[in-house]
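Participant: predicted model, plus sequence, below.
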Amino acid sequence: MSKWTHILAVITAVYTDHDNTIKSRGRLINVLNNNFKKLPIISGSEQNATVSLNINDYFNPDGYDYSFSISIYGSLRDRSIKETLKEYNNFLQKVDSFFTVTDHMYKIDNDRFKTLIYTSSKKKKKIIIDSEDKMFKRLDEMKI
């Protein structure tokens, strides 16, 4: 029987135009897409997680910082929470190397009712929820 892990995540980030070359929304989309092609995947044996780029509606051609969000969703076959978390962290670090990550949150769960939730990068709280036992534990107390 296959095991499944499910991920739902949102990352907010800022692209800073140090060279002042972004003069249109289309140019911003091209720059972001070129960097997105270099990001690692969050994998499953049947299909990988879907990653979507969402650019804020407001575009200031005189500005230097452009904010956007990244949405990640996937039902990943033959993956553990630990493997998915490792791939997500790798993805997050790569995003932060291209852009400035301002915040992120994720929920990763599996078919055995184990859920890993990261609520806020500012509070730095990672929580494991075991739905079967209704127990809440911090990630640093768990060895997953």
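Facilitator: Ah, there it is. Residues are numbered from 1 along each chain as shown.
Participant: could you use CA atoms for every contact and neighbour count after this?
Facilitator: Fine.
Participant: what about Arg77, how many neighbours?
Facilitator: Residues lying near Arg77 (other C-alpha atoms under 10 Å) number 18.
Participant: tell me who's in contact with the residue nearest to it when sequence neighbours are not counted.
Facilitator: Excluding its sequence neighbours, the residue lying closest to Arg77 (C-alpha to C-alpha, 6 or more residues apart in numbering) is Trp4, at 4.5 Å. Contacts for Trp4 (C-alpha atoms under 8 Å, 6 or more residues apart in numbering) come out as 75-80, 110-111.
Participant: at 10 Å instead, please
Facilitator: 44-45, 74-81, 109-112 (C-alpha atoms under 10 Å, 6 or more residues apart in numbering).
Participant: reformat these as CSV; add pLDDT and distance to Glu87.
Facilitator: Listed next are these as CSV, based on pLDDT from 0 to 100; distance: C-alpha to C-alpha, whole Å:
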residue, pLDDT, distance to Glu87
Gly44, 93, 11
Ser45, 92, 14
Gly74, 96, 12
Ser75, 95, 14
Leu76, 95, 12
Arg77, 93, 14
Asp78, 92, 14
Arg79, 90, 11
Ser80, 87, 11
Ile81, 86, 10
Asp109, 87, 14
Asn110, 85, 15
Asp111, 78, 19
Arg112, 74, 20
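Participant: tell me which two in the residues you listed are the farthest apart.
Facilitator: Between any two of these, the greatest separation by C-alpha to C-alpha is 18.5 Å, found for Ser45 and Arg112.
Participant: Tyr73 is in what secondary structure piece?
Facilitator: Assigned by DSSP states H and E, Tyr73 falls within strand 65-77.
Participant: for that strand, name the packing helices and strands.
Facilitator: For strand 65-77, the elements it packs on are strand 4-16, helix 25-36, strand 50-55, helix 81-98, strand 100-110, judged by 3 or more C-alpha pairs under 10 Å, 6 or more residues apart in numbering; DSSP states H and E.
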